[in-house]
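**Q** the following block contains a protein sequence and its predicted model.
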Amino acid sequence: MSITAETLRGHAREAIDALLAREHGITAAVLATEDGFELAQGARSQRADSSLAALSASAMGLAGALTQSGHIGACEDIYISGQQGRILIMSVPRLQPRVVLLALTDTKTSMGNALVAVRRTAAALADALLAPQ
């Protein structure tokens, strides 16, 4: 099945809007291709930094090399904790080439809640894109 860029961008925009509407602790989200091109992004107050798409793809590539060297299987998620918030980067399941979803959270948000919300969003996006037309 071939997914057009227009279809991918449309579903990506819907997925990000739904994620931001459901999980108030997530302040921004970006969906990117594995080579770092932004498909869609959304933020509560200001536009997410344009470099996040490229950096998330690079981080997944580096993490993939680490997990391979550590013999723990393919990298699925990355969690980064900073002084003013957290970053979650997750592969959207079953899509090839790979698409990654990045979410920024504030420090008050439960990491578990954010993880579940991002994982559900990634799965729902894959389901929507791979559903028979």
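**A** All right, it came through fine.

**Q** what about stretch 87-94, distance to the chain center?
**A** Centroid separation between stretch 87-94 and its chain, computed with Cα atoms, centre = their mean, to the nearest Å, is 5 Å.

**Q** quick check: buried residues in that stretch?
**A** 87, 88, 89, 90, 91, 92 (16 or more other Cβ atoms under 10 Å). C-beta here means a position set from N, CA and C on the backbone, and glycine is covered the same way.

**Q** this structure: strands as residue ranges?
**A** 26-33, 38-43, 77-82, 85-91, 99-105 (DSSP state E).

**Q** can you lay out the ones you listed as TSV showing distance to residue 53?
**A** Below are the strands of the chain laid out as TSV (distance: least, Cβ to Cβ, whole Å):
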stretch	distance to residue 53
strand 26-33	4
strand 38-43	4
strand 77-82	14
strand 85-91	11
strand 99-105	8
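
**Q** want to throw those into TSV with mean pLDDT?
**A** Listed next are the strands of the chain as TSV, based on pLDDT from 0 to 100:
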stretch	mean pLDDT
strand 26-33	94
strand 38-43	92
strand 77-82	94
strand 85-91	94
strand 99-105	94
